[in-house]
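Peer 1: no sequence on this one, just coordinates:
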């Protein structure tokens, strides 16, 4: 009921646009000189220096858009689905990196790169050769026709995206009279400049000294000093929200601002509709442009801000200092355990800036931060961007292992399994966070992250997927270095500890707060960001992992594993909508959620004979397009209702095919039409083209998974050819 209440406040004027962007700005550097270096999952792009040899040559060339026909030539048209599968596996296996994972573009959000730019500018750090040039290319290619930038690469223009990326372009050296900049100012001039930027934008511009802290609602750093039992204590926030709020509140608490240089004065003139000192800043604290607003403030939140804004005027210095000291101690703990990667790019940039302020530019801690900054940068075909984390290495690798095991072609690709197992091995987190209770963390030993072990945050669904990948490689003797029983038991310990009382699973931790927390969602641009909710995807991944573990280790913690499986199934059944669908929260959207639900419940033994499974299949079949495929737009996530894409998408189609096959849907013709669509889109070299964006977080921001266009069509073909070995399809 609370979710319904929150939805009632959602701004219904929000709109999104679908765009397939042509490249308007070509490479600004010699792409042949870029090398993707990897080490235990770490991905760093760098320009080759004299005498250096390019690493991961095929992946390096492919991801930045150079031809690889010398390695993956065009092949004769396949004569069967199985031959197409072999072609696709051959192509994708050539992209596997030396350390066993698949690297990929995890960009999409348009508010990440500006944080990097602002931090590098304030700390006066040089940007490596070629990086700024390729970032400028990226931003030129992503500018919308109206002159603005959106919150993500497929959204309409927003003040948030436009003002921050304007700043980034200026930091990177683009002059204000460049036509791109003039066009962006035209967009902003019609919307009172940057004054109505959402709260995260207000924060970054205030740090840069383009905006006034008087125009930012109090971030109330003293909240961290409340008793831990207090309902709104910081530790109850979702990990991603908490790790961003705390450093933001530190900078707000000491009112840090960059020096007022000539450059900052120029930005003020360019982004503000009138002189800085003539603006009544407090008037804009709660003001957000219509294009940006997704989750309006509740009356309770406005009342809270009224109270803490008054408190800010009288906050005792000693209490503020105590709060800031504790926040900094927690941030140091985050820096150390994540080896200065941090949980994501937003808190990475802010933590780096705070370390520079506290420790100085020559400190060991700041140098460690700067050494890890390149981990987030990705050179794609449209330029250099900032990834949503330091990659999706474990996630993609574990999926590929599961897809490959479903075909009898697996023996031809044993080396792929071996290398993938090596990566699954090194990416498992093998220690607990020291003093994890003190620093608001849960156990981590045995869990898997989304990306690399250095990143240090376990995720429930990633642990489930990593466990499945490890079990597959061990069971089928694809490696001479399988994970030990003890390490698999550690993974199960983590999963059993992470289950909520609902039977569901959240992301990085058990749910600690209540839905009422959303009444205090001050982001204005994200939905359901305040606490770690149960998710269909997370629950399904864990359910599948535990079911496969039970098959191999039926006597390990039997009662607890059985109970966890039973409760996870109950949770999934309870999430089904009246139309038979399951909403996905991390991919687009109802095809994604329904695939996870059906694969999870299928792994537990439920198929088309069960009424709920039949209902889910009927939903999917009702959305099949005339050409046999499926397609959703990202607006499904925004509106939380199915929104049909104008054309079929190979990723959505693959999810639907996988779902129907897992459920043993009786009408082969329906599934066959989906498979034909996948085959019709396959390129002659075995690849598939990138289509619409397919990832999402917090309802309103989309994110790219560039490997999904290969992984899931291959998985769908593997499952189909195994279920129907005599059907050539073509």
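Peer 2: Structure's in. What do you need? Just so you know, these numbers come straight off a predicted model, no measurement behind them.
Peer 1: show me what contacts residue 163?
Peer 2: Contacts for residue 163 (C-beta atoms under 8 Å, 6 or more residues apart in numbering) come out as 188, 193-194, 197, 201, 205, 271. Yep, even glycine has a C-beta here, placed from its N, CA and C like the rest.
Peer 1: Let's have those in CSV, adding pLDDT.
Peer 2: Formatted as CSV, these follow (pLDDT from 0 to 100):
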residue, pLDDT
188, 98
193, 97
194, 98
197, 98
201, 98
205, 98
271, 98
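Peer 1: Of those residues, just say which sits nearest to residue 665.
Peer 2: residue 201 (46.6 Å; C-beta to C-beta).
Peer 1: Count the residues that sit near the closest one.
Peer 2: As a burial measure, residue 201 scores 27 neighbours (other C-beta atoms under 10 Å).
Peer 1: That one: what's it in contact with?
Peer 2: With C-beta under 8 Å, 6+ apart, residue 201 has these contacts: 111, 159-160, 163-164, 194.
Peer 1: Which of the contacts of residue 163 has the largest number of neighbours?
Peer 2: Going by other C-beta under 10 Å, residue 197 tops the contacts of residue 163 with 31 neighbours.
Peer 1: got the buried residues for stretch 678-692?
Peer 2: 678-679, 681-682, 685-688, 690-692 (16 or more other C-beta atoms under 10 Å).
Peer 1: which ones among these are found in helices?
Peer 2: Applying DSSP state H to the buried residues of stretch 678-692, the entries found in helices are 678-679, 681.
Peer 1: Buried residues of the helix or strand hosting residue 670, list them for me.
Peer 2: Counting by DSSP states H and E, the element that carries residue 670 is helix 668-681. Counting neighbours by 16+ other C-beta under 10 Å, one finds that the buried residues in helix 668-681 are 670-679, 681.
Peer 1: sorry, back to before: now the contacts of residue 201 as CSV including distance to residue 172 and secondary structure?
Peer 2: Below are the contacts of residue 201 laid out as CSV (distance: C-beta to C-beta, whole Å; DSSP: H, G, I helix; E, B strand; the rest coil):
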residue, distance to residue 172, secondary structure
111, 16, coil
159, 20, helix
160, 19, helix
163, 15, helix
164, 13, helix
194, 18, coil
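Peer 1: Could you tell me the end-to-end distance of stretch 602-613?
Peer 2: 9 Å (C-alpha to C-alpha, to the nearest Å).
Peer 1: ok, now stretch 97-105?
Peer 2: 14 Å.
Peer 1: got the contact list for that stretch?
Peer 2: 36, 38-41, 43, 55-56, 59, 63, 92, 95-96, 378, 380, 385, 387, 391-394, 396-397, 400, 418-424, 426-427, 704-707, 711.
Peer 1: Would you mind measuring from residue 224 to residue 320?
Peer 2: 11 Å (C-beta to C-beta, to the nearest Å).
Peer 1: nearest residue to residue 165 other than its sequence neighbours?
Peer 2: Of all residues not flanking residue 165 in the chain, residue 149 sits nearest, at 4.4 Å (C-beta to C-beta, 6 or more residues apart in numbering).
Peer 1: Just to check, that neighbour is in contact with residue 158?
Peer 2: Yes - with contacts counted by C-beta atoms under 8 Å, residue 149 reaches residue 158, the gap being 7.5 Å.
Peer 1: Show me which positions of the top helix by length along the chain end up buried.
Peer 2: What stands out as the longest helix in the chain, according to DSSP H, is helix 317-337. Of all the residues in helix 317-337, those buried under the rule 16+ other C-beta under 10 Å are 320, 323-324, 326-328, 330-335, 337.
Peer 1: And the average pLDDT for that helix is what?
Peer 2: Per-residue pLDDT over helix 317-337 has a mean of 97.
Peer 1: ditto for stretch 155-175
Peer 2: 97.
Peer 1: How about stretch 654-663?
Peer 2: 98.
Peer 1: what sits against the nearest residue to residue 679 once chain neighbours are set aside?
Peer 2: Among residues not flanking residue 679 along the chain, residue 84 sits closest, at 5.4 Å (C-beta to C-beta, 6+ apart). Contacts for residue 84 (C-beta under 8 Å, 6+ apart) come out as 78, 679, 682, 686, 717, 730.
Peer 1: Can you tell me which of those residues comes closest to residue 544?
Peer 2: For the contacts of residue 84, the nearest to residue 544 is residue 717 (20.2 Å; C-beta to C-beta).
Peer 1: How much space separates that closest one from residue 176?
Peer 2: 52 Å.
Peer 1: same question, residue 208
Peer 2: 16 Å.
Peer 1: Of the two, which one has the most company?
Peer 2: Applying other C-beta under 10 Å to residue 208 and residue 176 shows that residue 208 carries more neighbours, namely 23 against 15.
Peer 1: wouldn't the more buried one be in contact with residue 258 here?
Peer 2: Yes - applying C-beta under 8 Å, one finds residue 208 in contact with residue 258, separated by 5.3 Å.
Peer 1: Now the common contact residues for the two.
Peer 2: Counting by C-beta under 8 Å, 6+ apart, the residues touching both residue 208 and residue 258 are 121-122, 264.
Peer 1: Name the nearest of those relative to residue 344.
Peer 2: residue 122 (19.7 Å).
Peer 1: for stretch 58-72, the distance to its chain's centre please.
Peer 2: 25 Å (C-alpha atoms, centre = their mean, to the nearest Å).
Peer 1: Would you mind measuring from residue 489 to residue 456?
Peer 2: In terms of C-beta to C-beta, residue 489 sits 21 Å off from residue 456.
Peer 1: whoops, residue 265 was the one
Peer 2: Applying C-beta to C-beta to residue 265 and residue 456 gives a distance of 41 Å.
Peer 1: Give me the more crowded residue out of the two.
Peer 2: For residue 265 versus residue 456, neighbours defined as other C-beta under 10 Å are more numerous around residue 456 (21 against 13).
Peer 1: what sits opposite the nearest residue to residue 112 once chain neighbours are set aside in the beta ladder?
Peer 2: Counting by C-beta to C-beta, 6+ apart, residue 386 is the residue found nearest to residue 112 once chain neighbours are left out, at 4.0 Å. Counting by DSSP bridges, residue 386 forms beta bridges with residue 377.
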